[in-house]
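Peer 1: Please work out how this folds:
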Amino acid sequence: MKRKSRKVAIVGSGLVGSSCAYSMVNQAICDEIMMVDRTYDRAMAQALDLSHCTDFMGTRTKVYAGTTSDCAGMDIVILTAGANPKPGQTRLDVLDDAKTITRSIVTPIVESGFDGIFVIAANPVDIVTYLVWQISGLPRHRVIGTGTSIDSSRLKTLLSEVFSIDPRSVNGYALGEHGESQFVAWSHVTIGGKPILHILDQHRERFKHLDLGDLARKTKDAGWEIFTRKGSTHFGIGSALAYIARSILNDEHKIIAVSAILDGEYGQKGICTGVPAIIAGEGIQELLELNLNEEESAKFTASCDIIRRSIDSLSLS
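Peer 2: Now for the predicted structure:
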C-alpha cells in the first residue's frame, strides 16, 4: 500500500528558509521539500546543496526547486520571504513592503489550488499572518504564524541559565506581539512544574539579584542582539518553523505559542497575536486561554491594540 508523501514548500530561500529546510532534512520531518524564491537560481542552488546532505542522514528527504504556481499538492507552505527592518527600525516599520510582498506570494499560491496549511515567519509576523488569512480565504485554523514561539524559547533558555537546568524543564510563554509590546506571563511560568513566583518567594536570599523585568527585556531584545551582531537571526526561527511543521505533519498535538487569529478568545476578535495553541494535523486544533492576572491582561490588551492599529492602517482591498 502506497503511503501519501508529506510535502512542504518553503517560500524564501534565504537564511531563514534554508535554515528551516536544513532542520527539517536533519529531523526527517517530511518526504519532500520544494524550495521557492524570486530568484529561481538561488532556490535551485539551495535545493542542490540540501540534497547533498542525504548520504549523511538516516533517511532521505527529496529537495527540489519550484515556483509558487507549483504549490497545489503541498501539505504546508512555509512563508519566510518578507521585508527586513533596517538598523533602528522595528518590525512594524516595514508594513507597506510586507503587504506588497505577501500579496504577490499568496495570490499565485492560492490560484495554484493549494488547500493546505500556511505557516508564516515573515515579519511583522502577526500582521503578515493576518494578511495571509485575509488574502487566502482559508479558515483561521489553517493560517499559523511563528508568533512568540521563538521568544518563548529564548525565555526558557535564559531561565535555564539562571537555574542551571535543561530549557525543556521550563514551561512558560511570551505572549502578544512578536515585537516591542510582547510580555512574559510570569504567573504561568513553571520550573519542573513549580511556579517560578513560588520558587522566588521561598528562596528570596538565593535569588535576590534576579530581576524578572530584566529577564523579560532580554527575552524581547534577544533577536535584536543577534541581528545587530551578524545581520540576521535564522537558526532559532528556522528550528521553530520545523517544530511547528512536525507537529502538523505528525499530528503531535504540541502546545506552541504561535500567532493565531483570535475570534473571542482573551476578549479579542479580528486580531492576530501570540498565544499558546494545540498544533495538530489540521493546524490549530484549539487556542488555550490562560487565566492572566490583571497586570498581564492589561499588557495583552495593549499589545493587541498596537497590532490592531497597524492592521487598520493597511488597505486590504
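Peer 1: For stretch 227-244, what is the distance to the chain centroid?
Peer 2: Its chain's C-alpha centre and that of stretch 227-244 lie 10 Å apart, by C-alpha atoms, centre = their mean, to the nearest Å.
Peer 1: Actually, stretch 33-48.
Peer 2: With C-alpha atoms, centre = their mean, you get 22 Å for stretch 33-48.
Peer 1: can you give me the helices in the stretch 151-300 of the chain?
Peer 2: If DSSP state H, counting those that start in this stretch is used as the criterion, the helices of the stretch 151-300 of the chain fall at 196-202, 212-230, 235-249, 294-312.
Peer 1: For residue 86, give me the pLDDT.
Peer 2: For residue 86, the pLDDT comes out at 62.
Peer 1: Relative to residue 55, which of the helices of the stretch 151-300 of the chain is closest?
Peer 2: helix 235-249 (20.8 Å; C-beta to C-beta). (Glycine included, C-beta is placed from N, CA and C.)
Peer 1: returning to what we had before: most tightly surrounded among the helices of the stretch 151-300 of the chain?
Peer 2: helix 235-249 (a mean of 23; mean count of other C-beta atoms under 10 Å).
Peer 1: How about residues contacting that one?
Peer 2: 6, 8, 16-24, 27, 29-30, 75-76, 78, 80, 117, 119, 121, 144, 146, 149-150, 153-154, 252-254, 256, 258, 279-281, 283 (C-beta atoms under 8 Å, 6 or more residues apart in numbering).
Peer 1: hang on, the earlier thing: between the helices of the stretch 151-300 of the chain, which gets nearest to residue 132?
Peer 2: Across the helices of the stretch 151-300 of the chain, residue 132 has its closest neighbour in helix 294-312 (12.5 Å, C-beta to C-beta).
Peer 1: average pLDDT across the closest one?
Peer 2: Average pLDDT, helix 294-312: 95.
Peer 1: Now do that helix: everything it contacts.
Peer 2: 92, 95, 124, 126-127, 130, 175-177, 179-183, 185-187, 262, 266-268, 270-273, 292.
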